[in-house]
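*Asks:* Need the 3D shape of this:
(one chain, ligands or ions: 2)
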Amino acid sequence: MEKRVYHLALKKNDLAGARIALIPGDPWRCGVLASVFRVQKELAFHREFRSFWVQDEGEPALIVSSGIGGSSLSIAVEELAQLGVQFFLRLGTCGAIQEHIAPGELIISEGAVRMDGASLHYAPLAYPACANWGMVKLLREACLKLGYRFHTGITCSSATFYPGQERYDTYSGYVIRALQGSLEEWKRLGVLNYEMETATLFTMCRVLGLQAGAVCGVLVNRNSTEEVDSSLVEKVELKLALVGKEVVNALSGWPD
Ligand SMILES: O=P(O)(O)O[C@H]1O[C@H](CO)[C@@H](O)[C@H]1O
Ligand SMILES: O=c1cc[nH]c(=O)[nH]1
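*Replies:* Ligands and ions are numbered 1, 2, ... in the order given. Next up is the predicted model:
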C-alpha cells in the first residue's frame, strides 16, 4: 500500500499531478478557497491539516491548511515537498501597522522579518526571508485584474500573536521589555503588517529550492485598536480565494 505522509495523511497518488499548494492557516478557510474552483475534492483532515484537491482552467492544485505558527507550517511544507509540490502560496490574514492601510485590503509580502522562530531551524538569522519574485508579480497582476486594493512590502512574522505583536490587551497586560516599542520601530522601518507564518515559508522554501509567495487580508489596523475585526473574515477570505485561483491558473505550465 502507498505510504501516507505522517501529519497530512496524504499519499503521492492523491496529488494527481498537482505541483502548486495554496496554504491558509485556518482549516475552515480551505473549504472557502476550494469553493471558487470548478472541481474540488476533500482529501484528508488530520490535526490542523485539512487538504483539498482542486482544478480550474489550468493545472490542478492542492489547498492545505498550515495551522497557526511557523513550526506547524514547516511540517505542512516539508510533507508537501516530499510529495512533489514545488509552488507554495500562503493565503492568510494579518494586522496592518501602517496608517494608510485599511482593514479589508490585501498585503503581498516581498520579504519577512524573521521573528517566527521556526525559520532558525533552516538558516541562521542573517539569511533573508524573500518571496519568489515571479510569485510576487503574479499576485500583483491578480489583484490588479480583480480590482482589489493591495500593498506590497515587508511583513513581520511573529512567533506569538500577543507579545510578539506587542498586544497589551491580554491576561497579564505586560509585554517584556525587549518587545516594548517594537511595533513603533517596525512601523518606522516601513514594515507593513504582522502575521505568523510567512518568514518560515519564505526561508525554508528558498533553502529547499521551492518557490513561495504570500498574500494576507487585513483584519485590523493596529494604529486604531488591538482587536481583530472578525466580521471582515468572510470578505477577505473570498478575495484571497479569487486571487489564489488567478495565481494557480497563471502558474500553469511554469517550469519547476
Ligand atoms: O489567518 P491565518 O492564515 O491563520 O493567519 C493569521 O491568523 C493567525 C492568528 O490569528 C495566524 O496564523 C496568523 O498568521
Ligand atoms: O493582528 C493580527 C491579525 C491576524 N493575524 C495576526 O497574526 N495578527
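*Asks:* for this protein, what spans make up the helices?
*Replies:* Using DSSP state H, the helices of the chain run over residues 12-15, 27-34, 70-83, 133-146, 182-188, 198-208, 233-251.
*Asks:* Just checking the second one against ligand 1, any contact.
*Replies:* It stands for helix 27-34. No. Between helix 27-34 and ligand 1, judged by C-beta under 6 Å from any ligand atom, nothing touches; the nearest distance is 6.9 Å. For the C-beta atoms, the positions are set from N, CA and C on the backbone; glycine is no exception.
*Asks:* elements contacting that helix?
*Replies:* Applying 3 or more C-beta pairs under 8 Å, 6 or more residues apart in numbering; DSSP states H and E, we find helix 27-34 packed against strand 39-46, strand 49-55, strand 61-64, helix 233-251.
*Asks:* Adding distance to Ser72, mean pLDDT and mean neighbour count, write those out as a markdown table.
*Replies:* Listed next are these as a markdown table, based on distance: least, C-beta to C-beta, whole Å; pLDDT from 0 to 100; neighbours: other C-beta atoms under 10 Å:
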| stretch | distance to Ser72 | mean pLDDT | mean neighbour count |
| --- | --- | --- | --- |
| strand 39-46 | 12 | 98 | 15 |
| strand 49-55 | 8 | 98 | 22 |
| strand 61-64 | 11 | 98 | 28 |
| helix 233-251 | 19 | 97 | 21 |
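*Asks:* So which of these is nearest ligand 1?
*Replies:* Among the helices and strands packed on helix 27-34, helix 233-251 comes nearest to ligand 1, with 8.2 Å by C-beta to the nearest ligand atom.
*Asks:* Determine which stretch of the helices of the chain is the most buried.
*Replies:* Comparing the helices of the chain on average neighbours per residue, with mean count of other C-beta atoms under 10 Å, the densest one is helix 198-208 at a mean of 25.
*Asks:* Look up how far Ser65 lies from the closest residue to Phe49 other than its chain neighbours.
*Replies:* Spatially, and ignoring its direct neighbours in sequence, Phe49 is nearest to Leu8 (4.9 Å; C-beta to C-beta, 6 or more residues apart in numbering). From Leu8 over to Ser65 the distance is 10 Å, taken as C-beta to C-beta, to the nearest Å.
*Asks:* what do you get for Gln211?
*Replies:* Where Ser65 is concerned, Gln211 sits at a distance of 20 Å (C-beta to C-beta).
*Asks:* How about the residues of the protein by ligand 2?
*Replies:* Proximity of the chain to ligand 2 is confined to Thr93, Cys94, Gly95, Phe161, Gln165, Tyr194, Glu195, Met196, Leu219, Val220, Val228 under the rule C-beta under 6 Å from any ligand atom.
*Asks:* could the helices and strands packed on helix 27-34 be laid out in a markdown table, adding distance to ligand 1?
*Replies:* Formatted as a markdown table, the helices and strands packed on helix 27-34 follow (distance: least, C-beta to the nearest ligand atom, whole Å):
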| stretch | distance to ligand 1 |
| --- | --- |
| strand 39-46 | 16 |
| strand 49-55 | 12 |
| strand 61-64 | 12 |
| helix 233-251 | 8 |
